[in-house]
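Just to be clear, the model below is a prediction. Sequence and coordinates:
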Amino acid sequence: MATKVLIVDDSAIVRQKLQEELSKDPQIEVVGTAVDPFVARDKIVQLKPDVLTLDIEMPRMDGITFLKKLMQYYPLPVVVVSSLTPQGSELALEAMDAGAVEVMCKPGAAYTVGDLGIELCEKVKAAALVNVAKHCVPKTAAEGPKPATALSKTTNKVIAIGASTGGTKAIEELLLRFPANAPGTVIVQHMPAGFTKSFAQRLDSLCEVHVKEAQDGDSVVPGQVLIAPGNQHMMINRSGARYYVEVKDGPLVNRHRPSVEVLFRSAATHVGRNAIGVMLTGMGGDGAQGMLKMKEAGAINIAQDEASCVVYGMPKVAVEVGAVHHVLPLPRITDKILQLVAAS
């Protein structure tokens, strides 16, 4: 059965473009469009879509306000379609906090037409798999998890993390518990260009470790987390005792750029037994074969368990191919990482 989609955007051009791209996928059916949240409200009741694409900068009622009301009264998977501006990126992250499960750029912002269609269809199909009522838990004023005890000594270990749908919240929970001298960490989160910088800046303001969007040549050192820029691949390399990242353009790999596969294969080649691989929530199988290569090179690998995943796709495939040593709920993954580091 095709995934039914309702497009909500005040721009007629954007509505037309999204409809054209989504209609190319036989597994997706665009059941309607809406110019603003008020029209959308009536069409949701009438058409019962499986997924909403939602602009967040609209007249009459902004997308964030509408999203919060939607999650309260009629929980539904939402893909935010945002302009590639600093404000648009911040609002998109706010929308994900409010319950949106995916985010992408507006047409023309960062993609070729072909890549736009692939990314849009993948995100919509991923969103359709999410049980929003289960995973959309509003943030409270309660304290977040406290960082784990600082490591007694520095380490040459490198942590490589891959994530997709639901990954922004999973990564935040993971990193909030990292001590200030945690091993150098590299992350690929499937996210468009522009949004990764805002995501990294927000994490940096919350965590004891320093978090930044990776730049070509950045060193991988204890106490620092590098997040692959949206729409670019990130690889880890080695020069003597120094690990560093390469950030490059290139074709989509497993329908993604950045791709977890690219990162994990480079970790297998250049980090080997000094690596710890972590596969978090996400649709599809990006990174599974790369994680297997890491295991074969001597790395220890961890996968998030099904119960704590928003979408149990990427971890499931990694487990199925035999790439994983430990399958754990999200709250236990940081402790396991630090145990492995201390044991080494």
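Yes, it's here.

all strands for the stretch 101-250 of the chain, in order.
102-105, 158-163, 184-189, 210-213, 224-227, 233-239, 242-248 (DSSP state E, counting those that start in this stretch).

which residues sit against the third one?
Residues outside strand 184-189 that contact it (C-beta atoms under 8 Å, 6 or more residues apart in numbering) are 157-164, 167-168, 171, 175, 178, 196, 199, 209, 214, 219-228, 234, 236, 243, 245, 258-260, 262-263, 267, 287. Backbone N, C-alpha and C define where each C-beta goes, glycine included.

Who are the packing partners of the helix or strand residue 316 falls within?
Residue 316 belongs to helix 314-320 when elements are defined using DSSP states H and E. Judged by 3 or more C-beta pairs under 8 Å, 6 or more residues apart in numbering; DSSP states H and E, the packing partners of helix 314-320 are strand 275-279, helix 288-296, strand 300-304.

measure stretch 174-189 end to end?
Stretch 174-189 has an end-to-end distance of 13 Å (C-alpha to C-alpha, to the nearest Å).

what about that stretch, distance to the chain center?
Stretch 174-189 has its C-alpha centroid displaced from the chain centroid by 15 Å (C-alpha atoms, centre = their mean, to the nearest Å).

Can you give me the neighbour number for residue 65?
Counted by other C-beta atoms under 10 Å, the residues lying close to residue 65 total 13.

try residue 45
When neighbours are counted by other C-beta under 10 Å, residue 45 registers 9.

What of residue 281?
Residues contacting residue 281 under the criterion other C-beta under 10 Å number 28.

Tell me if I'm right that it and residue 307 touch.
No: in this structure residue 281 lies outside contact range of residue 307 using C-beta atoms under 8 Å: 11.0 Å.

Pull out the buried positions in the helix holding residue 316.
Neighbour counts over helix 314-320 (16 or more other C-beta atoms under 10 Å) mark 314, 315, 316, 317, 318, 319 as buried.

do the same with stretch 302-312
By 16+ other C-beta under 10 Å, the buried positions in stretch 302-312 come out as 302, 303, 304, 305, 308, 309, 310, 311, 312.

Go through those and name the one nearest residue 338.
Nearest to residue 338 out of the buried residues of stretch 302-312 is residue 302 (C-beta to C-beta; 11.6 Å).

on that earlier part again, quick check: the farthest pair among the buried residues of helix 314-320?
Greatest spatial distance among those (C-beta to C-beta): 314 and 319, at 9.9 Å.

Between these two, which contacts overlap?
Contacts common to residue 314 and residue 319, judged by C-beta under 8 Å, 6+ apart, are absent.

returning to that earlier point: turn the buried residues of helix 314-320 into a markdown table, columns for pLDDT.
Shown next, in a markdown table, are the buried residues of helix 314-320 (pLDDT from 0 to 100):
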| residue | pLDDT |
| --- | --- |
| 314 | 98 |
| 315 | 98 |
| 316 | 98 |
| 317 | 98 |
| 318 | 98 |
| 319 | 98 |
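
Tell me how far the closest residue to residue 180 other than its chain neighbours lies from residue 200.
Distances taken as C-beta to C-beta, 6 or more residues apart in numbering put residue 208 closest to residue 180, at 4.3 Å, once the chain neighbours are dropped. According to C-beta to C-beta, to the nearest Å, residue 208 and residue 200 sit 15 Å apart.

Between those two, which is the more surrounded one?
residue 200 (22 against 18).

contacting residues around the more buried one?
Neighbouring residues of residue 200 by C-beta under 8 Å, 6+ apart: 211, 212, 213, 225, 227.

Go through the residues you listed and name the one nearest residue 41.
If you rank the contacts of residue 200 by distance to residue 41 using C-beta to C-beta, residue 227 comes first, at 35.6 Å.

which one of the buried residues of helix 314-320 is nearest residue 204?
Using C-beta to C-beta, these come closest to residue 204 at residue 314, 25.0 Å.

OK, contacts around that closest one?
With contact taken as C-beta under 8 Å, 6+ apart, residue 314 is in contact with 162-164, 260, 279-288.

Doesn't residue 336 lie inside a helix?
Yes: looking at residue 336 with DSSP: H, G, I helix; E, B strand; the rest coil, it is inside a helix.

thinking again about what came up before, quick one, which of the strands of the stretch 101-250 of the chain is nearest to residue 52?
That would be strand 102-105 among the strands of the stretch 101-250 of the chain, by C-beta to C-beta, at 10.8 Å.

CA atoms only for that closest one - export them in PDB, please.
Output of strand 102-105 as PDB, limited to C-alpha atoms (Å, rounded to 0.1, in the frame of the first residue of the first chain):
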ATOM      1  CA  GLU A 102      12.900  14.400   9.300                       C
ATOM      2  CA  VAL A 103      14.100  17.700   7.900                       C
ATOM      3  CA  MET A 104      15.100  18.700   4.300                       C
ATOM      4  CA  CYS A 105      15.900  21.700   2.300                       C
END
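
What is that strand packed up against?
By 3+ C-beta pairs under 8 Å, 6+ apart, strand 102-105 packs against strand 78-82, helix 86-98, helix 113-128.

avg pLDDT for that strand?
For strand 102-105, mean pLDDT is 88.

And stretch 178-188, by the same measure?
For stretch 178-188, mean pLDDT rounds to 96.

first vs last residue of it, how far apart are they?
Using C-alpha to C-alpha, one end of stretch 178-188 lies 17 Å from the other.
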